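Visitor: structure for the following, please:
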Amino acid sequence: MSNTEIQIQGALAAGHLDKKDGRFNKVAALLTALAIFAQEAAWNFYDAQVPVVLRHYTTSAALIGLMMGLDNFIGLFLQPWIAHKSDSTSTRWGRRLPYLLVGAPVAAIFYALIPWANSLPVLIFYMFSFALVANAFKSVTETLVSDFQAPKHRGKASAVAKMATGLTVGVSAGISFFIVDNNIKVAFLLPAIILVIGVGVVAMFLDESKSYTSSSERASSQKGSLNHSRFRDIVADIVFDKNRTRLLIIFAIFATAGTWSAMRSQVSPYAMEVLGLTKGQAGTLSLPGGIAFLLAVVPIAILSDRYRRLFICKLGGVLFSVGCLVAFFHQSVQATTVGIAVAAVGYAAFAVNGVVIVWNMAPSSRFIGAYTGIYTIAAACGATLVPALVGLLVDLTSWHYFMLHAAVVGLIAVSIMSLVTDAPAHKNS
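Guide: Residues are numbered from 1 along each chain as shown. As a prediction, this is how the structure comes out:
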């Protein structure tokens, strides 16, 4: 066992190294939520309308699902490395913000070019280029949420960030309803503008030198190998640990994130094929789900502070599958809308708690970026493979069974979470 692994395991056994309670930083929570909002506004509209653009060139649900998993495949390799790299980055602008300041404008350009593609290869090039650049700062933005909060307040900060994410559903639905059917080029331009402006505002007012993790690291006497651990050593510690809790949680993240991605990325083609909606109308179908998500995150955060986070995630997984079954057994616009809303509340339980569980398993604040990267690996693998799997099941059956397939995969995710019997290393996890 390497010296690094011994240090990590010792830290896990002793508990989190950063003991300062700290106060909930409301301003930082709002600013980091704005960064998440700007980022997710682009991704949400991307998931809603790029499948429709792809349908101009292919009718295969499996191929569409595979192409929609392209960004997750890229993120699988890029996000963990960049997030871990940002742990040791040091510039006068901070360690995380430089990635956002460089990446956001470049990503916005490729994003706005997507509807201008005149062939499938050109479309894939624009999709690949956007995904490559946007993934370079996606997990870094997520890490910012935890940087400014003491461990006991990260659940609240995550809830605020997820509220911002939920608002992007409304933005996506509004653009889809009012603009897509009239001018899809303008529709893609708007999220790109939101991305650039949002990141710019955050960079102006967020001072990374005043973050909780920066203060903790300055106060800590631990230096050297802990700060410069190789990412593969950190992953190896989790994989080969005799306590399988962390590894099982990673598999649970894979299944849950993949299930949600499968439903979200293909609900627009489903609505067009089964419910007879136009592409603009299909893009608004998830709006009530976004509202339900927004209303649920704060109560979920409160419940998660009182009960075990993993228990709340399990309940959410069951609720997600129930919502999908409602949409399957009553295939109408109204029932599908209700089903998606119920599923969104169920997913909110995981959205609020999943990354917090991973953050709180980190042995030190110096590993927050690396552990965010580990979370990203699990979520990206799921979001890459599960949509293609569900799409293949649709190809083998029909679009009418799409929601049933999603429900079954959701129950599989709950089953994996049920295998976790030991509590994670830190309280409130």
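
Visitor: quick one: pLDDT of Gly15?
Guide: The confidence metric pLDDT takes the value 34 at Gly15.

Visitor: likewise for Pro121?
Guide: Reported pLDDT at Pro121 in the predicted model: 91.

Visitor: just the element for it, please.
Guide: Using DSSP states H and E, Pro121 sits in helix 120-147.

Visitor: and that helix, what does it pack against?
Guide: Counting contacts by 3 or more Cβ pairs under 8 Å, 6 or more residues apart in numbering; DSSP states H and E, the secondary-structure elements packed against helix 120-147 are helix 26-54, helix 70-87, helix 97-113, helix 154-175, helix 212-219, helix 333-359, helix 368-396. No exception for glycine: its C-beta is placed from N, CA and C like everyone else's.

Visitor: what is the third one packed up against?
Guide: This means helix 97-113. For helix 97-113, where contacts count as 3+ Cβ pairs under 8 Å, 6+ apart, the packed elements are helix 26-54, helix 120-147, helix 184-205.

Visitor: okay, the ones you listed in JSON lines with mean neighbour count next?
Guide: As requested, these are arranged in JSON lines below (neighbours: other Cβ atoms under 10 Å):
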{"stretch": "helix 26-54", "mean neighbour count": "23"}
{"stretch": "helix 120-147", "mean neighbour count": "23"}
{"stretch": "helix 184-205", "mean neighbour count": "18"}
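
Visitor: ok, which of these comes nearest Ser365?
Guide: If you check each of these against Ser365 by Cβ to Cβ, helix 120-147 wins as the nearest, at 8.0 Å.

Visitor: report the angle between the closest one and helix 26-54.
Guide: 160 degrees (axes from the mean of the first three to the mean of the last three Cα atoms, to 10 degrees).

Visitor: helix 120-147 vs helix 184-205, what angle?
Guide: Inter-element angle recorded for helix 120-147 and helix 184-205: 30 degrees (by the same axes, to 10 degrees).

Visitor: let's have the helices and strands packed on helix 97-113 in TSV, adding distance to Trp93.
Guide: TSV is the format used below for the helices and strands packed on helix 97-113 (distance: least, Cβ to Cβ, whole Å):
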stretch	distance to Trp93
helix 26-54	14
helix 120-147	13
helix 184-205	7
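
Visitor: select, out of the ones you listed, the one closest to Phe73.
Guide: When the helices and strands packed on helix 97-113 are ranked by proximity to Phe73, the top entry is helix 120-147, at 8.4 Å, counting by Cβ to Cβ.

Visitor: returning to what we had before: nearest to Gln281, of the helices and strands packed on helix 120-147?
Guide: Of all the helices and strands packed on helix 120-147, it is helix 333-359 that lies closest to Gln281, at 8.7 Å by Cβ to Cβ.

Visitor: give me the angle between that closest one and helix 154-175.
Guide: 150 degrees.

Visitor: ok, Gln352 touching Val160?
Guide: Just to correct that, residue 352 is Val rather than Gln. No. With contacts counted by Cβ atoms under 8 Å, Val352 stays clear of Val160, the gap being 9.9 Å.

Visitor: so where's the protein shaky on pLDDT?
Guide: The model of the chain has pLDDT under 70 over residues 1-22, 214-229, 421-429.

Visitor: one step back: can you put the helices and strands packed on helix 120-147 in CSV and add distance to Ala413?
Guide: Putting the helices and strands packed on helix 120-147 into CSV (distance: least, Cβ to Cβ, whole Å) gives the following:
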stretch, distance to Ala413
helix 26-54, 19
helix 70-87, 16
helix 97-113, 30
helix 154-175, 18
helix 212-219, 31
helix 333-359, 9
helix 368-396, 9
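
Visitor: to Leu277, which of these lies closest?
Guide: helix 333-359 (7.3 Å).

Visitor: can you name every helix or strand that that closest one contacts?
Guide: Counting by 3+ Cβ pairs under 8 Å, 6+ apart, helix 333-359 packs on helix 120-147, helix 154-175, helix 245-274, helix 287-306, helix 309-329, helix 368-396, helix 402-418.

Visitor: list the contacts of the fourth one.
Guide: The reference is to helix 287-306. 155-156, 158-159, 162-163, 165-170, 173, 312, 316, 337-338, 340-345, 347-349, 351-353, 356, 428 (Cβ atoms under 8 Å, 6 or more residues apart in numbering).

Visitor: between the helices and strands packed on helix 333-359, which one is nearest to Ala104?
Guide: helix 120-147 (7.0 Å).

Visitor: and the closest one, how far out from the chain middle?
Guide: Using Cα atoms, centre = their mean, to the nearest Å, we find the averaged C-alpha position of helix 120-147 to lie 12 Å away from the chain's own average C-alpha position.

Visitor: what angle sits between that helix and helix 97-113?
Guide: Using the same axes, to 10 degrees: helix 120-147 against helix 97-113 is 150 degrees.

Visitor: before we move on, back to that, which one's more surrounded, Val352 and Val160?
Guide: Val352 (30 against 23; other Cβ atoms under 10 Å).

Visitor: ok, now which ones touch that one?
Guide: Residues in contact with Val352, defined by Cβ under 8 Å, 6+ apart, are 155, 158-159, 162, 297, 300-301, 304.

Visitor: repeat for Gly323
Guide: Residues in contact with Gly323, defined by Cβ under 8 Å, 6+ apart, are 338-346.

Visitor: by neighbours, which of these wins?
Guide: Each of the contacts of Gly323 was scored for neighbours by other Cβ under 10 Å, and Ala343 scores highest at 33 neighbours.

Visitor: quick one: that residue and Val318 touch, right?
Guide: No. The pair Ala343 and Val318 does not pass the contact test of Cβ under 8 Å, sitting 10.9 Å apart.

Visitor: can you give me the neighbour number for the nearest residue to Val355 once chain neighbours are set aside?
Guide: Taking Cβ to Cβ, 6 or more residues apart in numbering, and ignoring the residues beside it in sequence, Val355 has Tyr375 as its nearest neighbour in space, at 5.2 Å. For Tyr375, the tally of surrounding residues (other Cβ under 10 Å) stands at 27.

Visitor: state the distance from Tyr375 to Ile412.
Guide: The spacing between Tyr375 and Ile412, counted by Cβ to Cβ, to the nearest Å, is 20 Å.
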